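*Asks:* need a 3D model of the following:
(chains A and B)
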Amino acid sequence: AQRVTQPEKLLSVFKGAPVELKCNYSYSGSPELFWYVQYSRQRLQLLLRHISRESIKGFTADLNKGETSFHLKKPFAQEEDSAMYYCALRGSTGTASKLTFGTGTRLQVTL
Amino acid sequence: NAGVTQTPKFQVLKTGQSMTLQCAQDMNHNSMYWYRQDPGMGLRLIYYSASEGTTDKGEVPNGYNVSRLNKREFSLRLESAAPSQTSVYFCASSVSGANVLTFGAGSRLTVL
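*Replies:* Got it, this is the predicted structure:
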């Protein structure tokens, strides 16, 4: 079975502070990991995926297979980063047609 | 380019009533999905259709049925609604497999 764990329901940081949204996964094969974001009154959308190894809106995430983690990081939080963030996993075989989401972390950036 | 369109946006049902949530995509995507979003539970997969003509159960299929009407449309039916099905329902699609998903705006369903 594939599982995604996001231990924090809410993360509150000050503007300009570093952000780290935690994501751990359980999967026996080689997964593909994603971060999706839902801004207020907007649709859920892809933020980044680990195979792209790119920075989107200043966010980065590195897949750590040893620790089975895919934490989302940003060095300096902005107000517009406030949103709901979901980590998601796609299996490599059999379950490659399914995307499993974590329970989500709400990021609140305050002045 | 509308992307993924869901109807209705809001619906209130009484226990035992039936209804169908409609979803259509205009991106020529092969795969389509229905998720439900509940506080503290994240998004949970109800059913998915990897390609036209196929449907499979996700994590929480009980109480739901789906129809992949054609490549564009994937509907979700509640035959006898229960209060536990009060949720926000999201339809999504992808080119192929659970790669990058494009989501609809969501349908908020309340069952009294």
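*Asks:* SS state for residue 54?
*Replies:* By default, I'm working from chain A. Taken by DSSP: H, G, I helix; E, B strand; the rest coil, the conformation at A:Glu54 corresponds to coil.
*Asks:* not what I meant, chain B
*Replies:* Following three-state DSSP, B:Thr54 is assigned to coil.
*Asks:* neighbours of it, how many?
*Replies:* By other CB atoms under 10 Å in any protein chain shown, 12 other residues sit near B:Thr54. (Each C-beta comes from the backbone N, C-alpha and C, glycine too.)
*Asks:* who's in contact with it?
*Replies:* Listed by CB atoms under 8 Å, 6 or more residues apart in numbering or on different chains, the contact set of B:Thr54 reads B:Arg68.
*Asks:* B:Gln22 now?
*Replies:* By CB under 8 Å, 6+ apart, B:Gln22 lies in contact with B:Gln6, B:Thr7, B:Glu73, B:Ser75.
*Asks:* now with 6 Å?
*Replies:* Contacts for B:Gln22 (CB atoms under 6 Å, 6 or more residues apart in numbering or on different chains) come out as B:Thr7, B:Ser75.
*Asks:* pLDDT score assigned to it?
*Replies:* Note on B:Gln22: pLDDT of 97.
*Asks:* give me the low-pLDDT residue ranges for the chain?
*Replies:* Going with chain A. Scanning chain A for pLDDT under 70 picks out the ranges A:93-96.
*Asks:* looking at chain B here, not the other one
*Replies:* B:1, B:98.
*Asks:* how about the residues of chain B that lie near chain A?
*Replies:* For chain B, the contact set with chain A under CB under 6 Å from any CB of the partner chain comprises B:Gly42, B:Leu43, B:Ala50, B:Gly97, B:Ala98, B:Val100, B:Phe103, B:Ala105.
*Asks:* hmm, 7 Å instead?
*Replies:* B:31, B:40-43, B:45, B:48, B:50, B:58, B:90, B:97-98, B:100-101, B:103, B:105 (CB under 7 Å from any CB of the partner chain).
*Asks:* please save the CA atoms from the helix or strand that contains A:Arg106 in PDB.
*Replies:* In the assignment (DSSP states H and E), A:Arg106 maps to strand A:105-110. Presented in PDB, the C-alpha positions along strand A:105-110 are these (Å, rounded to 0.1, in the frame of the first residue of the first chain):
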ATOM      1  CA  THR A 105      -0.900  21.300   5.700                       C
ATOM      2  CA  ARG A 106      -2.300  24.800   5.900                       C
ATOM      3  CA  LEU A 107       0.500  27.400   5.700                       C
ATOM      4  CA  GLN A 108      -0.300  30.700   7.300                       C
ATOM      5  CA  VAL A 109       2.100  33.600   6.700                       C
ATOM      6  CA  THR A 110       1.700  36.500   9.000                       C
END
